[in-house]
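K.L.:
pasted the sequence and its predicted model underneath.
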Amino acid sequence: MINRIFAWLTDGAHWQGSEGILRRLVEHLGYSLTAVIIAALIAIPLGLYIGHTGRGRVFVVNLAGAARAIPSLGLLFIAVLWLGPKFSGDIAFLAPAGLVLVVLAIPPILSGAYAGVEGVEPDARDAARGMGMRGPEVLRHVELPCALPLIMSGIRSATLQVIATATIAAVVGLGGLGRFLIDGLAVRDTPQTASGALLVALLALAVDMVLALVQRFVVSRGLTGRYRTVQTFDSDAGVTPPAPALQHSA
Amino acid sequence: MTWLQDHLGDVLGLTVRHIYLAGVPLILGLLIALPLGWLARRFRGLYPILIVGTSLLYTIPSLALFIMLPFLLGTQILDPTNVIVAMTIYTVALLVRTVADGLGAVPEAVNQSATAMGYKRGRRFMSVELPLAVPVISAGLRVAAVSNVSIVSVAALIGVAQLGSLFTDGFNRAFMEPIIVGVISCVLLALLFDGVIIGVTRLATPWQRAGKASS
């Protein structure tokens, strides 16, 4: 079996064309990046605002928990059956599926941004005020940089969630690598299904590693240094699934 | 809601299967994560290896894992064992870090007092460190429980029956009611799991209530 999977993957014909691996890979990355960027544009400002003002914190804490309980497959089907008929052509499944991806990506980023600002040491905030900074300046120069590790954790867990859900979304007609899994299952083409699964897993790993690198570069060294020496359970070194960390700091 | 009345028996049967597929991995995952978390704490060099290793497993999308496991385990694709093993992997991935951090959060003075009272390493772990780490471990277990319940439903795509089968069934017939019943059942089940863990945690940590009552 391993040989057949290897043979499928190394067959040049499977890589090219409008239904080839490369095209599907680009589609998958395209959907995922678009969804995460839109979600981040909504969730980061909102999370920073809630963390900074303390307004609506109950909403954020409950939203993160509730979102985890909602099965993405069910949400996807409801969106397509409900919104699909309102559009025509490819948009009929692209728009609902895209909407679901964005909706699923918002809670982790929102609670990361909120928990990041919430967790900023009061001393640092007071010092910034003592230096004459106003609210928005404190947010930009102190709270935002200090919140970056948790914001990045939120983005990473949202991205993984979106890559996984985009895979499933092939069942409602979306492109991407999920096509190989869903189509392979439908026609019992085991090498294709298994190769698709392998490619999706590798894509998720690669994207998470890239984001881990980004996190390394964007997070201030003053922060990472401190987090390394103080090993309490709510510290976040950033290489791990962020859900429990968020839970603790929330 | 006539659909639900006609199919109540089916929905209950699928719910039981769902509880089994999501619940067993929670217990297995906890049993595997406890020694791993302890190792990560005991040997500092192992901590980053175990944490990074388990978090890599966590990145694998569920559908991909469900499909790859039969090749690694030699099972049939329809075998529910694949789902049990996949969910156990996710549970372990979430819990190893939680267990290690929970044990790490036990104050050093407490450990030293226990040692001074004559507790050997093994007994100290079982009767001092582990109970004190329960609230942290329980928080991680709640996250794992809720996400297990929702991820298991994806297994409907590979043909393993549980509440997610209502989604594929409803979608194939363009019929909304089973899907909505399935989503609501999943959320209720997640709440049930959450409630059970909170209840067990309360029973296992009587000192927390005692502290609250006196203060």
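P.N.:
It's in. Numbering: from 1, shown residues only, chains lettered A, B, ... in the order given.
K.L.:
pretty sure B:Val92 contacts B:Leu36?
P.N.:
Yes - assessed by CB atoms under 8 Å, B:Val92 is found in contact with B:Leu36 at 7.1 Å. No exception for glycine: its C-beta is placed from N, CA and C like everyone else's.
K.L.:
now do the shared contacts for these two.
P.N.:
Each of B:Thr54 lies in contact with both B:Val92 and B:Leu36 under the rule CB atoms under 8 Å, 6 or more residues apart in numbering or on different chains.
K.L.:
which of these two has more neighbours?
P.N.:
Counted by other CB atoms under 10 Å in any protein chain shown, B:Val92 and B:Leu36 do not tie: B:Val92 has more neighbours, with 24 against 20.
K.L.:
which residues sit in contact with the more buried one?
P.N.:
Applying CB under 8 Å, 6+ apart to B:Val92 gives the contacts B:29, B:32-33, B:36, B:54, B:57.
K.L.:
just among the residues you listed, which is most surrounded?
P.N.:
B:Ala33 (28 neighbours).
K.L.:
right, and B:Tyr90 touches B:Pro61 too?
P.N.:
No - the criterion here is CB under 8 Å, and B:Tyr90 misses it with B:Pro61 at 10.9 Å.
K.L.:
look at those two and report which has more neighbours.
P.N.:
The neighbour comparison of B:Tyr90 against B:Pro61 (other CB under 10 Å) goes to B:Pro61, with 27 against 22.
K.L.:
next, give phi and psi for that one.
P.N.:
B:Pro61 adopts backbone torsions of phi -60, psi 140, taken as degrees, to the nearest 10.
K.L.:
ditto for B:Gln76
P.N.:
Phi and psi for B:Gln76, reported as degrees, to the nearest 10, are phi -80, psi 150.
K.L.:
and the closest residue to it other than its chain neighbours, how many neighbours?
P.N.:
Leaving aside its sequence neighbours, B:Gln76 sits nearest to B:Pro70 (CB to CB, 6 or more residues apart in numbering or on different chains; 6.4 Å). For B:Pro70, the number of neighbouring residues by other CB under 10 Å comes to 20.
K.L.:
do the same with A:Ala170
P.N.:
A:Ala170: 25 neighbours (other CB under 10 Å).
K.L.:
gap between it and chain B?
P.N.:
As judged by CB to the nearest CB, to the nearest Å, A:Ala170 and chain B stand 9 Å apart.
K.L.:
residue contacts, that residue?
P.N.:
Counting by CB under 8 Å, 6+ apart, A:Ala170 touches A:176-179, A:181-183.
K.L.:
can you list which of those residues are found in strands?
P.N.:
Among these, DSSP state E puts none in strands.
K.L.:
which one of these is nearest to A:Ala147?
P.N.:
For the contacts of A:Ala170, the minimum distance to A:Ala147 (CB to CB) is 31.5 Å, reached by A:Gly176.
K.L.:
phi, psi of the closest one?
P.N.:
Main-chain dihedrals, A:Gly176, degrees, to the nearest 10: phi 90, psi 180.
K.L.:
and the pLDDT for the closest residue to it other than its chain neighbours?
P.N.:
Nearest residue to A:Gly176, sequence neighbours excluded (CB to CB, 6+ apart): A:His28, at 3.6 Å. Looking at A:His28, its pLDDT stands at 94.
K.L.:
same question, B:Gly9
P.N.:
Reported pLDDT at B:Gly9 in the predicted model: 87.
K.L.:
touching chain A at all, the host helix or strand of it?
P.N.:
Per DSSP states H and E: B:Gly9 is located in helix B:8-42. No - on the criterion CB under 8 Å from any CB of the partner chain, helix B:8-42 is out of touch with chain A, staying 10.2 Å away.
K.L.:
that older thread, closest to chain B among the contacts of A:Ala170?
P.N.:
Chain B lies nearest to A:Leu181 out of these, by CB to the nearest CB, at 5.9 Å.
K.L.:
quick check: the gap between the residue nearest to the closest one when sequence neighbours are not counted and B:Leu63.
P.N.:
In this structure, A:Leu181 finds its nearest non-sequential neighbour in A:Gly196, 4.2 Å apart by CB to CB, 6+ apart. Per CB to CB, to the nearest Å, A:Gly196 is found 9 Å from B:Leu63.
K.L.:
where do the contact lists of these two overlap?
P.N.:
With CB under 8 Å, 6+ apart, A:Gly196 and B:Leu63 have common neighbours A:178, A:181.
K.L.:
from the contact counts, what lies against the helix holding B:Gly9?
P.N.:
When contacts are defined as 3 or more CB pairs under 8 Å, 6 or more residues apart in numbering or on different chains; DSSP states H and E, helix B:8-42 packs onto helix B:46-59, helix B:80-104, helix B:130-152, helix B:164-172, helix B:176-204.
K.L.:
just checking, which helix or strand succeeds the lengthiest helix in chain A along the chain?
P.N.:
Ranked by number of residues, the top helix in chain A under DSSP state H is helix A:21-53. The C-terminal neighbour of helix A:21-53 among helices and strands, as given by DSSP H and E, is helix A:57-69.
K.L.:
now for that next one, which elements pack on it?
P.N.:
Packing partners of helix A:57-69 (3+ CB pairs under 8 Å, 6+ apart): helix A:21-53, helix A:91-118, helix B:130-152, helix B:176-204.
K.L.:
who's in contact with B:Val183?
P.N.:
B:Val183 makes contact with A:70-71, A:74-75, A:78, B:167, according to CB under 8 Å, 6+ apart.
K.L.:
remind me which residues of chain B are low pLDDT?
P.N.:
Residue ranges of chain B with pLDDT under 70: B:1, B:211-215.
K.L.:
what about 50?
P.N.:
B:215 (pLDDT under 50).
K.L.:
same question, chain A
P.N.:
A:226-227, A:230, A:235-250.
K.L.:
so which elements touch the helix or strand harbouring A:Ser195?
P.N.:
Taking DSSP H and E as the criterion, A:Ser195 maps to helix A:190-218. Secondary-structure packing of helix A:190-218 (3+ CB pairs under 8 Å, 6+ apart): helix A:2-10, helix A:21-53, helix A:144-168, helix A:178-186, helix B:46-59, helix B:62-73.
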